[in-house]
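J.: Starting from these lines, generate the structure:
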Amino acid sequence: METTSGRTSPPPPTPRSLVFVDLETTGANFARDRVLEIGLVEVDEHGVREWDALVNPGVPVTPFITGLTGIDDAMVADAPAFAALADELRERLAGRLFVAHNARFDYGFLKGEFARLGIDFRASVVCTVKLSRKLFPQHNRHNLDTLIERHGVAADARHRALADARVLWDLWRRWHAELGADAVAGALGALTLPVELPPQLDPALADELPEAHGAYALLDADGETLAVGRASNLRSKVLSLFAGARAALPPASLVRRVDWRDAAGEFGARLHEILLQRRRKPIPEELCAWRLRAAAPGDFRPELVSPQEAAFGEDDDLYGLYATRREARQALRKLAEAHFLCPALLGLEAERPGKPCSAVKGHHCRGVCVGKEPASRHGARLLTALAKAKLRPWPYPGPVALVERDAFGMIEDFHVVDRWRHLGLARSDEALAEIAAAKDEAPFDPDVYRLLLKYLQSSGLRVRAIA
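T.: The predicted model follows:
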């Protein structure tokens, strides 16, 4: 429904036509939830117009959302679906500066709704949270309720789309009145600086990169990976790589494409970084670990095994993860010197029955090789030396989903993992079920193992069992 705003004060000077946008949704998850209500305040040289619409989301409205917004199933039962509003909405947004509070939320939801219709929606976006931080850096809080109170803005019905869009328009005018048009224009300019990408890159990259955690790979003309990294803000990080003053490594002229994976948080970003890195640095072919063989009760002898010879992530008698056998032997030699272990019994040099090993003379072996120390005592010391390097067996009876949510609750990642192997990423229950049903195998990756172990030990993720 369109109305001409009764707020008669003239629009402050603006560089272009504006549209203040607010959405109410069935939840905060881009993949699962849907738009419930749209509110727009359009501002240009012709004046101010308001437009709002309830939207039938096609899914039930939860009691929580009803309590927050006042919108229930009955109110949207006869409302048009988003598809019926898409053409008119796109016309109203076209060519205007898209202004929203926590703009990633509103813009992301609209992009998702349009994408489901096969429409690639894009707009120049300004977030009033970021604008407020630029204009009032002395303040720490910039949520909408705080701004309403700080600037004395009237708010009729919070958490209804048009009412909140009106608040943004009122804040915009208040900021111009308090600080002047030049100050606001300067802050806007800093937030909306044109992005200059190398000519060989798709200019759409700047709009497509999300302001979210994730990992990226820089690719050359042959599709080979030049560099891999991660960031808490993918868009900011990747674009900074091509900033003129930055000495990029590799040179920006070599980059022909940027591949990226967004994530709900730091864990997902680190995981994606590992997986992207595997394109140029595969899992070591000589990956190995030590297994202890009992030559006699208490007398343990280490032997190297590969993932093909032992069940990495399942067996409970494996120690260390090494890229090569040479690296494994070097590590064991250092442990032997530190814990007075016999290099002959460890297989680091040939055993000579009845004769001392090379370490006895320097008192780095306590003589187990010549009967001066019981083999059981030597074996106990070996277990102590290797204890910190012991590989943990998978602590769950089967696959689980490690759940990570972003700070805004808009993205929820389900990382399907079994026996320390990453099987896939889902962002809906349906996708989660598909990955679990596929029962795909994945190789044991030492870097993925270390990352999973770190986060599971720190309880940084919610664990969801998969039937």
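J.: What ranges does the stretch 1-150 of the chain have for its helices?
T.: Taking DSSP state H, counting those that start in this stretch as the test, the helices found in the stretch 1-150 of the chain are 63-69, 73-76, 82-93, 103-116, 128-135, 144-151.
J.: Same list, those, but as TSV with distance to Leu188, mean pLDDT and mean neighbour count please.
T.: C-beta coordinates here come from the backbone N, C-alpha and C atoms, glycine included. Below are the helices of the stretch 1-150 of the chain laid out as TSV (distance: least, CB to CB, whole Å; pLDDT from 0 to 100; neighbours: other CB atoms under 10 Å):
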stretch	distance to Leu188	mean pLDDT	mean neighbour count
helix 63-69	30	90	14
helix 73-76	35	96	14
helix 82-93	18	97	16
helix 103-116	13	91	19
helix 128-135	7	93	19
helix 144-151	17	88	16
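J.: what about those, which gets the closest to Asn29?
T.: Judged by CB to CB, the one of these that comes nearest to Asn29 is helix 103-116, at 9.8 Å.
J.: I'd like to know which of the helices of the stretch 1-150 of the chain is closest to Ala187.
T.: helix 128-135 (3.9 Å).
J.: wait, which of the helices of the stretch 1-150 of the chain is closest to Glu45?
T.: Closest among the helices of the stretch 1-150 of the chain, once you apply CB to CB, is helix 82-93, at 16.1 Å.
J.: What strand or helix carries the residue of the chain most remote from its centre?
T.: Of all residues in the chain, Gly354 has its C-alpha farthest from the mean position, at 59.5 Å, by CA atoms, centre = their mean. Secondary structure assignment for Gly354, by DSSP states H and E: no helix or strand.
J.: so who does it touch?
T.: Under the criterion of CB atoms under 8 Å, 6 or more residues apart in numbering, the neighbours of Gly354 are Val370.
J.: With Ala344 as the reference, measure out to it.
T.: Distance from Gly354 to Ala344, counting by CB to CB, to the nearest Å: 12 Å.
J.: go on, Leu68?
T.: Leu68 is 72 Å from Ala344, by CB to CB.
J.: Gln200 too?
T.: Taking CB to CB, one finds Gln200 at 60 Å from Ala344.
J.: Compare those two (neighbour count), which wins?
T.: Ala344 (23 against 12; other CB atoms under 10 Å).
J.: For that one, which three-state class applies?
T.: Following DSSP: H, G, I helix; E, B strand; the rest coil, the label given to Ala344 is coil.
J.: For Val360, see how far away it is.
T.: Here the criterion is CB to CB. By it, Ala344 lies 9 Å from Val360.
J.: Between those two, which contacts overlap?
T.: The contact sets of Ala344 and Val360 overlap at Cys369 (CB under 8 Å, 6+ apart).
J.: what's around the residue nearest to Trp420 when sequence neighbours are not counted, how many residues?
T.: With sequence-adjacent residues excluded and distances taken as CB to CB, 6 or more residues apart in numbering, Trp420 is closest to Gly313, at 4.0 Å. Gly313 has 18 neighbours, counted by other CB under 10 Å.
J.: Assign Gly313 to helix, strand or coil.
T.: coil.
J.: between the lengthiest helix in the chain and helix 144-151, how many degrees?
T.: When the chain is parsed with DSSP state H, its longest helix is helix 161-179. Counting by axes from the mean of the first three to the mean of the last three CA atoms, to 10 degrees, helix 161-179 lies at 40 degrees to helix 144-151.
J.: Which elements pack onto helix 161-179?
T.: strand 18-25, strand 35-44, strand 47-54, strand 97-100, helix 128-135, helix 144-151, helix 181-191 (3 or more CB pairs under 8 Å, 6 or more residues apart in numbering; DSSP states H and E).
J.: Show me what the third one pairs with in its sheet, parallel or antiparallel.
T.: Using DSSP bridges, the strands paired with strand 47-54 are strand 2-4 (antiparallel), strand 35-44 (antiparallel).
J.: what mean pLDDT does the first one have?
T.: Confidence over strand 2-4 (mean pLDDT, whole number) is 56.
J.: My read is that Pro203 contacts Leu209, right?
T.: No - in this structure, Pro203 is not within contact of Leu209 by CB atoms under 8 Å, at 11.8 Å.
J.: Looking at those two now, which is surrounded by more residues?
T.: The neighbour comparison of Pro203 against Leu209 (other CB under 10 Å) goes to Leu209, with 22 against 10.
J.: isn't that one right next to Leu234, touching?
T.: Yes - the pair Leu209 / Leu234 is scored as a contact, 5.3 Å apart, by CB under 8 Å.
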